[in-house]
Every structure is written in structure tokens, then in C-alpha cells.
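J.: mind looking at a prediction? Sequence and model below.
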Amino acid sequence: MTYKHKQIGYLPIIAIIIPLLILFFVMILTEFNQILLIGFFALLLALILFPSLTVEINKTKLIVKFGFGIIGKKFNLRDIKSCHAIKNHWYYGWGIRITPHGWLYNISGLSAIEIQMKNGKTYRIGTDEPKKLEHAIIQAIK
């Protein structure tokens with residue numbers, strides 16, 4: 001079984017673009033300021049690295065990657081004990097976060113899949129199609 005789904009984070013993109021544009025215009029209208037320039041490039045980098053979240057399942061791995069795939073996580077399917085669909089709290093946010101339930105990889109929304117690893121670690125992967133991803137993982141780890 002293979003699975004691939006790309007979720008675009010429209011709200012995070014907007015949340016980055018607005019301050020990016022504000023910084024851009026402030027930099028144009030004021031003298032050179034190194035702090036503003038650093039902030040501008042930090043936001044630009046975030047926009048490049050985190051516009052989407054792609055989840056893939058192949059024969060041996062569950063792969064979670066942001067944007068172009070530079071940042072992400074790979075899980076060996078043989079190391080996954082179980083998974084189930086869950087809802088995250090709104091304050092868990094977007095991106096890569098540590099939560100009381102383990103690491104979270106999320107781009108938008110509250111729906112996620114929680115995977116339990118055989119070593120006892122727990123991870124959450126945000127998705128806009130939780131039942132489909134849950135089914136794909138369960139089929140892949142059988």
C-alpha cells in the first residue's frame with residue numbers, strides 16, 4: 001500500500017506574508033536596520049521551508065516532510081505499534097512542536113494521527129484527512 005498527500009497551510013502562509021510585507025515596507029521607508037533585515041530573512045526562510053506538509057507511506061517508511069522536504073521525519077513502519085485519529089488542542093499550533101503527547105508535525109487544523117512506536121515514543125502528524133491516513137498506516141503496518 002502506498003499513500004501520498006500534500007496539505008497546504010494557507011493560514012500559516014498568510015500569517016507569515018503579512019509581517020513579511022510590513023517589514024519590507026518598514027525597511028524601505030526607514031534607514032538600514034540590521035534587526036529588521038534579520039527578521040525579514042527569518043520570515044522569508046519560514047515561508048520557503050514551511051508552506052505545506054506532505055505525508056507519504058511507501059513499503060518501508062512513513063515520511064513526513066515540510067515544504068521541499070528539507071525538514072521532516074521518517075519512521076520505519078516496522079517500528080510503529082499502533083495509530084489512531086485524534087484532535088489536537090488549538091494551542092498546540094503549527095510547525096514542529098513538543099506537546100504533552102510527544103512531537104507534533106502540523107501545518108494547519110486540529111486533526112491529526114497519533115502514532116505509538118514500539119519503543120514507547122508517541123508522535124502526532126497533522127492532516128486534513130485523518131481517517132484516510134489512519135487506514136493507510138494500519139494497512140501498511142500489518
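T.: Received the coordinates, thanks. All values reported here derive from a predicted model rather than from experimental measurement. Residues are numbered from 1 along each chain as shown.

J.: who touches the helix or strand encompassing V55?
T.: In the assignment (DSSP states H and E), V55 maps to strand 52-57. Identification of contacts with strand 52-57 by Cβ atoms under 8 Å, 6 or more residues apart in numbering yields 1-9, 62-67, 69, 77, 105-108, 125-127, 133, 136-137, 140. C-beta here means a position set from N, CA and C on the backbone, and glycine is covered the same way.

J.: just checking: what are the partner strands of that strand?
T.: Take DSSP bridges as the rule and strand 52-57 pairs in its sheet with strand 3-8 (antiparallel), strand 61-66 (antiparallel).

J.: can you turn the buried part of the contacts of strand 52-57 into a ChimeraX selection?
T.: Buried residues among these (16 or more other Cβ atoms under 10 Å), as a ChimeraX selection:
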select :3,7,9,62,64,65,66,67,105,106,107,108,125,126,127,133,136,137,140
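
J.: I'd say P12 and F50 touch.
T.: Yes: when contacts are counted by Cβ atoms under 8 Å, P12 is listed as touching F50 (6.6 Å).

J.: joint contacts of these two?
T.: W94, G95, I107.

J.: can you report how many residues lie near the second one?
T.: Meaning G95. Each residue near G95 was counted by other Cβ atoms under 10 Å, and the total is 18.

J.: what number of residues lie near the residue lying closest to I17 once chain neighbours are set aside?
T.: Nearest non-adjacent residue to I17, counting by Cβ to Cβ, 6 or more residues apart in numbering: L47, 6.9 Å away. L47 is flanked by 16 other residues according to other Cβ under 10 Å.
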